[in-house]
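A.B. asks: This is a predicted model, with the sequence first.
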There are 4 protein chains.
Amino acid sequence: MKNTFGNQLTITLFGESHGSAIGAVLDGLAPGITVDEERIRHQLALRRPVGSISTPRQEADEFQILSGVFEGKTTGTPLCIVIPNTSQKSSDYKASYGKARPGHADYTGFVKYNGFEDYRGGGHFSGRITAALVAAAAIILPALEQKGIYIGTHLQSCAGVADRAFADINKDIAKLNQSLFPVLQEDAAAAMRAEIEKAAADGDSVGGVLETAVIGLPAGLGEPWFDSMESLLAHGIFAVPAVKGVSFGKGFALSSLRGSEANGSLRYEDGKVVDEANTNGGILGGITNGMPVLINTAIKPTPSIFKQQQTIDFIKEENAELELKGRHDPCIAHRARVVIDSICALTVADVLTGRFGTDYLTMAK
Amino acid sequence: MKNTFGNQLTITLFGESHGSAIGAVLDGLAPGITVDEERIRHQLALRRPVGSISTPRQEADEFQILSGVFEGKTTGTPLCIVIPNTSQKSSDYKASYGKARPGHADYTGFVKYNGFEDYRGGGHFSGRITAALVAAAAIILPALEQKGIYIGTHLQSCAGVADRAFADINKDIAKLNQSLFPVLQEDAAAAMRAEIEKAAADGDSVGGVLETAVIGLPAGLGEPWFDSMESLLAHGIFAVPAVKGVSFGKGFALSSLRGSEANGSLRYEDGKVVDEANTNGGILGGITNGMPVLINTAIKPTPSIFKQQQTIDFIKEENAELELKGRHDPCIAHRARVVIDSICALTVADVLTGRFGTDYLTMAK
Amino acid sequence: MKNTFGNQLTITLFGESHGSAIGAVLDGLAPGITVDEERIRHQLALRRPVGSISTPRQEADEFQILSGVFEGKTTGTPLCIVIPNTSQKSSDYKASYGKARPGHADYTGFVKYNGFEDYRGGGHFSGRITAALVAAAAIILPALEQKGIYIGTHLQSCAGVADRAFADINKDIAKLNQSLFPVLQEDAAAAMRAEIEKAAADGDSVGGVLETAVIGLPAGLGEPWFDSMESLLAHGIFAVPAVKGVSFGKGFALSSLRGSEANGSLRYEDGKVVDEANTNGGILGGITNGMPVLINTAIKPTPSIFKQQQTIDFIKEENAELELKGRHDPCIAHRARVVIDSICALTVADVLTGRFGTDYLTMAK
Amino acid sequence: MKNTFGNQLTITLFGESHGSAIGAVLDGLAPGITVDEERIRHQLALRRPVGSISTPRQEADEFQILSGVFEGKTTGTPLCIVIPNTSQKSSDYKASYGKARPGHADYTGFVKYNGFEDYRGGGHFSGRITAALVAAAAIILPALEQKGIYIGTHLQSCAGVADRAFADINKDIAKLNQSLFPVLQEDAAAAMRAEIEKAAADGDSVGGVLETAVIGLPAGLGEPWFDSMESLLAHGIFAVPAVKGVSFGKGFALSSLRGSEANGSLRYEDGKVVDEANTNGGILGGITNGMPVLINTAIKPTPSIFKQQQTIDFIKEENAELELKGRHDPCIAHRARVVIDSICALTVADVLTGRFGTDYLTMAK
């Protein structure tokens, strides 16, 4: 389905970095979700560049909801949200077209679209499009939260610096969702920022690993085979630019444990089923077990760097050298955080809608 | 779509471990693919238990093709392949029903299916069902290979022992696909087997990480957003039981590199575009660039171990202890290898069909 | 999705007329539906040839359920039902291959499948495959009926003879579902049979129009645009061989009325909303209004006739003459009736599952 | 998929009659289709009200393409086209909310959306939304035409007056697509207009039957079962408001013929396969045979009439009387014509893309 994701609740993305607007259509929303425009703005703010460790390109991200909302609530019909592009500088792109930026989709996009792609600023491949994803997901967050479902992500590691693990997850999520630089431990945050600035000073960039927690999901969600919760979440997360790895619970580290260490153990606690170690990250056999769903996402270093690079010119069909100019992020892992939250929100809202019906996420009148 | 995967070429899986049969329906196959029953048997043999490091349960895996093949070739209509179950021992399961095996889907399946699940031997969650997946994929492998597309997987690491990296990938793949224990380096293979046997002697189990290469794919496959090649491949791979992590190229390790190390560099070599480092595993912006697609898959240790474990009885709703008996694998990572190959084959065949049309994979008359 | 139909509850069909078996996979079934094998046999019997007005080919229609049922109830996992073919006479087909039977899919199938199609007895195009559809749908009928939803179809007209309209729909449906020749008015039934036999004596065939009623559906099902109830039902019904028209309520006749005649009028009656004229057949804006859903289906005359016909030989690429031999139905409209009931049952079960969640059709333990 | 239609080439519709805008997203377009804005305007003009026989509401239908087009050509990424609403008069709707207009979706929409629907002017159910469908389809018409595929529709009958049948289809289509009132025979056109005006004078409305021809399609398109060409076309057409019947070729009339009359006969003519009678409307076994695809669509009389009608007030839950005021069409069949053309264009473009791959509809550079 290309640019559409979901089964019962779908999101369709459109737009290019330097086109007139980007946007998203949500379809299959429960009627009666209160649309909180302040929340949309807040979520968009979490995605925007952060001072010295981000690109100086600033977009106002003024959104317009074109359909699907009436008197402040979702109607249940498709909701189209649009964000005009305002800060494009398109003039330079024509001259450099053909020189593939290493680590970017310039060459692959050229082959896929037979040379008809909008190459300005990454076109449809641009991280800019995630603003529409974030805005759309912000509409369903309050509906999830009324069901006790909360989502938060921190920078588990960045440029070799590690954050502490989730502890009191509820509080950690609350704190992260108010924080522009999503790190749980303050000295880790400072060390990460320092490393990002150092890389920026070198004309280079860094990556990071995000850890996401989704709490409050009921047990029994997902499918045993192709729509396992892991399959659905990974499908969505790998759509986010720069993601190169996704794992659940202890992830790759599980592979080097023995079964007796990896299994965890179940017990009833106040009538609830608990697996304290939660090594499997809340999913067994593709299906939630009621524990927090824990997801690790590997974000590669921003491919836009200011060093000279060897590459090709696919128009001239010859080898070439490239030195980028312009506005680029030395790290996008912290900005990607709210995008991962958003795609997780869309995924679980879709699964809940499929399991419990189209009215499940409606809110009290 | 629950138990169906793919857009233009779909696979639907059915069956339970102790039901009468398991099977798969392939739909959207090109007409005119020569069905190689010997190849199907070969692929199934790669999945079957291997001597002392696997379960003693042996299934003949005699398959029957019920439809979609005429005079030895695919017709283009749905192909149903069925594998009868013959080696079930179902009698014991009733007594232990309710005691959730840690690391298994017993409890999550119970919640999802409201107690109507076939609990014998894992039911529909059983790794047994992957035999149908492997058999189905074996039908399209020759069609991919005539296009120059080959797929192979090795045990990159197992129980703390590492294999060498892919070197001459063509030859490595050829060797792996003839090998019951898919390790490139012989001493590594011996050391892994020793570790697996040691774990088995302890009544315990181990996991591993698989590395898969898909070579010969044209550039330009995949979509920028939700159907990125990573999204599609990860969706399929995470459907395989025991998979807890998927990454591409250098994967999680990319996150701790700087951009200048992670980007790689493009050049023309004999008219072909080459990225020697291939850090991104053949995919940029969700789209293939013509380099080998490299995938890492984390397989957790088999959850069935012979140690006493704390758990719950979800029927009696009380805490319980559990000590498994019966036939279990101390490691399934080597057996999972052909399952990963199979799901990759199905995924790329689907994408090729979407890109080039329904006749693309047909074979010469 | 080619041979798969449905969104939340899907059916996948496979098989060829002269292959080893035909079958279907149902996915997305609620767990806990009691599988009534007697009912399956009953529904299959309604589809089987009827004495002198049908083909002498008799199939035992012995079905096997391979998966998805445990202790007599659906598990919620994919249910595969298979019906072996037993009465094939394949030898003659090779000789006549290439001579396209007018009104059949011989030529179109040849072009679509590039000559790889199983041409014996219509192959995958054969009406025989509908037996699998009927068997699969029979599994969900009891689940619909416990919710008060009943489906029945009569031959509204056949060979120029008209049946009476539905009157007391509940009773009419009950009667039809016990009747091999589904006509409400006895003298009409006799006259139709006479016409069919007359056509058969002429080596010719006749068609008919079916009228289907689905009663007991709640208001509010369906979507305003592409998944309107009419869209979904018509999609399924037009998949049935020989169907060339589908309409709802007064259908084509509505087009020649004035709005004041066509609109009907709403009123509350014992707290229920009623539209007595029900000109729109229970669907407005694509969504059910709680009145019986009324569907008309045009079935063309069986294309297999025993008269000499002009046609082409698409292998020799020349004009040809054709005179069919063998076993053929002079009318299939009465046999198609249970196929239409079945596809309607699958469609409404799918829509109900999407609206109310995956457990909606479960039955009491 | 609710508001999305298609497999490889999809359209997603959004918007409400009195919201800020309506629009559509096309995804899966071939890159390199020249976007002809004049053609979009022309197609929108064919849909707009026609003098005395239509509503006086006039919308400028100024469209904006937000994405997916670069330098005048499609890029292959999602194309979002938006049409702002400008001529809304929303004030009156609140007062009359609850009084269900007979023949409209007021009551069914209320039940479906639990009272959260945008009720102004039919909201998301409004025929207004078809403007977005028409604009979107206009983008692919030139791509179809370069392949020799043309689509046209005439009013076969309206208010009891019949048009002549298609004769020289190419010429007829060319003429229809330049004509605001799509009737082939001039005296029939005049008589129909007179009948529409008579109905309008009575405060009443009329319907009609449309006949659509799609010419130039290659043989071999469509699927034998659930994605038969009839299934796909009917699915799309029944999504159009006021459609209550769809048939192919001779349609319902086929049911009363004998097989010998209904079958037609095939012959080679200048190397092409021809079925002159084309009783089956170019589709056999769900698959095109290369003859013109012929579709009949029954359009009911506009439900908005100016007579007093019995109905319910579903807010007050009591019986009510209703007399509409405002701007309404006494007939929409002629305006629906271009909507049917559009959905047919989208459907065949989708099927062609699936069969021949994503570049099939690209146009020369």
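C.D. replies: Nice, I can see it.
A.B. asks: From residue D:40, how far out is the closest residue to residue A:193 other than its chain neighbours?
C.D. replies: Using Cβ to Cβ, 6 or more residues apart in numbering or on different chains and skipping the chain neighbours, the partner closest in space to residue A:193 is residue A:53 (5.9 Å). C-beta coordinates here come from the backbone N, C-alpha and C atoms, glycine included. Residue A:53 is 45 Å from residue D:40, where distance means Cβ to Cβ, to the nearest Å.
A.B. asks: Over to residue A:255?
C.D. replies: 55 Å.
A.B. asks: These two: which has the busier surroundings?
C.D. replies: More crowded of residue A:255 and residue D:40, by other Cβ atoms under 10 Å in any protein chain shown: residue A:255, with 30 against 21.
A.B. asks: before we move on, what SS does the more buried one have?
C.D. replies: When classified by DSSP: H, G, I helix; E, B strand; the rest coil, residue A:255 comes out as helix.
A.B. asks: which residue packs closest to the residue in the stretch 51-200 of chain A positioned nearest to chain C, ignoring adjacent ones?
C.D. replies: Going by Cβ to the nearest Cβ, chain C is nearest to residue A:77 of the stretch 51-200 of chain A, at 6.9 Å. Spatially, and ignoring its direct neighbours in sequence, residue A:77 is nearest to residue D:124 (3.9 Å; Cβ to Cβ, 6+ apart).
A.B. asks: Enumerate every residue touching the one you found.
C.D. replies: Contact partners of residue D:124, counting by Cβ atoms under 8 Å, 6 or more residues apart in numbering or on different chains, are A:67-68, A:75, A:77-78, C:224-225, D:15-17, D:109, D:117-118.
A.B. asks: Select only the buried ones of those in ChimeraX?
C.D. replies: Here is the ChimeraX command that selects the buried residues among those (16 or more other Cβ atoms under 10 Å in any protein chain shown):
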select /A:67,68,75,77,78 /C:224,225 /D:15,16,17,109,117,118
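A.B. asks: now the helices: where do they sit in chain A?
C.D. replies: A:37-47, A:93-96, A:106-112, A:130-146, A:169-176, A:186-201, A:229-237, A:259-262, A:333-356 (DSSP state H).
A.B. asks: Can you tell me which of the ones you listed is most buried?
C.D. replies: Highest mean neighbour count among the helices of chain A (mean count of other Cβ atoms under 10 Å in any protein chain shown): helix A:229-237, with a mean of 28.
A.B. asks: can you tell me the average pLDDT over that one?
C.D. replies: Regarding helix A:229-237, the rounded mean pLDDT is 98.
A.B. asks: for it, packing partners?
C.D. replies: Packing partners of helix A:229-237 (3 or more Cβ pairs under 8 Å, 6 or more residues apart in numbering or on different chains; DSSP states H and E): strand A:243-248, strand A:293-299, helix A:333-356, helix B:229-237, strand B:243-248.
A.B. asks: Let me have the ones you listed in CSV, adding distance to residue D:113 as columns.
C.D. replies: Shown next, in CSV, are those (distance: least, Cβ to Cβ, whole Å):
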stretch, distance to residue D:113
strand A:243-248, 36
strand A:293-299, 31
helix A:333-356, 15
helix B:229-237, 32
strand B:243-248, 39
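A.B. asks: Name the residue of chain A that lies nearest to chain C.
C.D. replies: Closest point on chain A to chain C, by Cβ to the nearest Cβ, is residue A:357, at 3.9 Å.
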